[in-house]
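Peer 1: Provide a 3D model corresponding to the input given below.
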Amino acid sequence: MIWLFQKVGRSIVAVLLTVQLGTCCFGVIPSLYTHSTATLLQLFVVFLTLGMAVNWVHAMVFSSAYDAHDRKSDPRFQKDKSYEHDHKLKYCDVCQIYMPLRTHHCKLCNTCILKRDHHCYLTGNCIGFRNQRYFIIGAFYSGMLGSVCGVLSAQYVYHLLTTASASWLDLLLPVTLVKWIFGYISSFNFILILFCFIDLFFAAEGFRVFIVQIIMIYKGVTLFELKRFRPVRNLNNADRNFRSVFGAKWALNFLWPLPWKFPQEGDGHHWPGTQLDYLSQSRCKGKG
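Peer 2: Modelled structure (predicted):
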């Protein structure tokens, strides 16, 4: 059943991006602006759509699983060293391995995830060490795309409302749906009115996710660690925390994903400047 939800989530994102790009670039913008301005806006919308699509695909394809290759390259798996001697590391009964610091098992992915943040149904993948950068930048582009296309769609709908083409009641989606079914509203106008609400949602949700993730990186924790009260104490400064996710010159990632140029720092196994604060955890349990 889970795989069905994930496939539906991926399909919804793909369809919405395709329809959004087509209606905005080939319908809304040419009807509102002159040729030169329309071309610039079309290029900007295409850029935002590609930015979101590329990062969404990267977040979907890149896995943060703690796989056999990771375990083979980890020196603590060598014969002269063993996880049993490290009391800070937990054992996963499902995968039957000792997990590095900040690694947690995902029941949906059925594997252990390096620096697990959460499971995303829109990508069908766990967001963790290797794909968090793409998820965050994708959320940023989602907010930007929703805002820009939402404003353009609202302009087009307002133009309809100020003429005899439509009434203010058409902003009520049930009314719009009924009028579209009976042919009183064209399919294009119905899609545009519908996308005004969809764009508003994606703009708000995209920026909400982006801001939450940025705050988590600044603090040096993940959503999973925060919600489950994991005793992680990060002693690094904000710049080092951001470089562990986005790599050096991390701000350039928001223009275009550059993992080959600015790879993220660290391997997801070892976390210099990060430790388990068991005293803090015991205090939390005592208060509970």
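Peer 1: where does this protein have low pLDDT?
Peer 2: Residue ranges of the chain with pLDDT under 70: 1-3, 68-89, 164-166, 257-260, 277-288.
Peer 1: Now do the strands in it.
Peer 2: Under the criterion DSSP state E, the chain contains strands at 90-92, 97-99, 104-106, 111-113, 118-120, 125-127, 232-234, 274-276.
Peer 1: Serialize those strands to TSV and add fields for distance to Asp67 and mean neighbour count.
Peer 2: From N, CA and C alone the C-beta is placed, and that goes for glycine too. Output for those, formatted as TSV (distance: least, CB to CB, whole Å; neighbours: other CB atoms under 10 Å):
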stretch	distance to Asp67	mean neighbour count
strand 90-92	13	14
strand 97-99	10	20
strand 104-106	13	19
strand 111-113	7	24
strand 118-120	17	18
strand 125-127	13	25
strand 232-234	23	18
strand 274-276	22	17
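Peer 1: Turn those into a markdown table, including distance to Tyr158.
Peer 2: Putting the strands of the chain into a markdown table (distance: least, CB to CB, whole Å) gives the following:
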| stretch | distance to Tyr158 |
| --- | --- |
| strand 90-92 | 55 |
| strand 97-99 | 54 |
| strand 104-106 | 45 |
| strand 111-113 | 46 |
| strand 118-120 | 35 |
| strand 125-127 | 38 |
| strand 232-234 | 47 |
| strand 274-276 | 51 |
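Peer 1: Which of these sits closest to Lys261?
Peer 2: Ranking these by their distance to Lys261 (criterion: CB to CB) puts strand 125-127 first, at 22.1 Å.
Peer 1: who does the closest one touch, helix- and strand-wise?
Peer 2: Strand 125-127 sits against helix 35-61, strand 118-120, with contacts defined as 3 or more CB pairs under 8 Å, 6 or more residues apart in numbering; DSSP states H and E.
Peer 1: Touching that strand from outside, list them.
Peer 2: With contacts defined as CB atoms under 8 Å, 6 or more residues apart in numbering, strand 125-127 is touched by 59-65, 106, 108-109, 113, 116-120, 131, 135.
Peer 1: Selecting buried members of those in ChimeraX, what would you type?
Peer 2: In ChimeraX, a selection of the buried entries from those looks like this (16 or more other CB atoms under 10 Å):
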select :59,60,62,63,64,65,106,109,113,116,117,118,119,120,131,135
